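Undergrad: Okay, sequence plus prediction incoming.
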Amino acid sequence: MAKKRNRAQEAVTATAKTIKDTADTAFDNVQAAAEATESVAMNTVDKSADALNKAFDRK
């Protein structure tokens, strides 16, 4: 039979889970921000290329 954990052990386990959950949320937020930045950068490149192509077509 498994030994029952005492309150200190349960508190340590709960604290570790809270830290891991918080870190997971933080990493998810950083990843979302990086993806948003990448999307803006790619759209900027596309719009710049479109503008240049339209300028060349007018010549």
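TA: Looks like it arrived, so ask away.
Undergrad: could you pull out the helices for the chain?
TA: For the chain, the helices defined by DSSP state H occupy 7-57.
Undergrad: Centroid-nearest residue for it?
TA: The centre of the chain sits closest to residue 31, judged by CA atoms, centre = their mean, with a distance of 1.8 Å.
Undergrad: so what's that residue scoring on pLDDT?
TA: Looking at residue 31, its pLDDT is 98.
Undergrad: Might you report the residue contacts of it?
TA: The contact partners of residue 31, taken as CB atoms under 8 Å, 6 or more residues apart in numbering, number zero. In short, each C-beta sits where N, CA and C put it, glycine included.
Undergrad: quick one: it from residue 37, how far?
TA: As judged by CB to CB, to the nearest Å, residue 31 and residue 37 stand 11 Å apart.
Undergrad: just residue 17 next, same as before
TA: Between residue 17 and residue 37 the computed distance is 31 Å (CB to CB).
Undergrad: Kindly report the same for residue 23.
TA: Taking CB to CB, one finds residue 23 at 21 Å from residue 37.
Undergrad: Ok, residue 4 next?
TA: 49 Å.
Undergrad: between those two, which one's more packed in?
TA: Under the neighbour definition other CB atoms under 10 Å, residue 4 and residue 37 were set side by side, and residue 37 has more, 10 against 7.
Undergrad: Mind pulling up the pLDDT for that one?
TA: Value for residue 37, per-residue pLDDT: 98.
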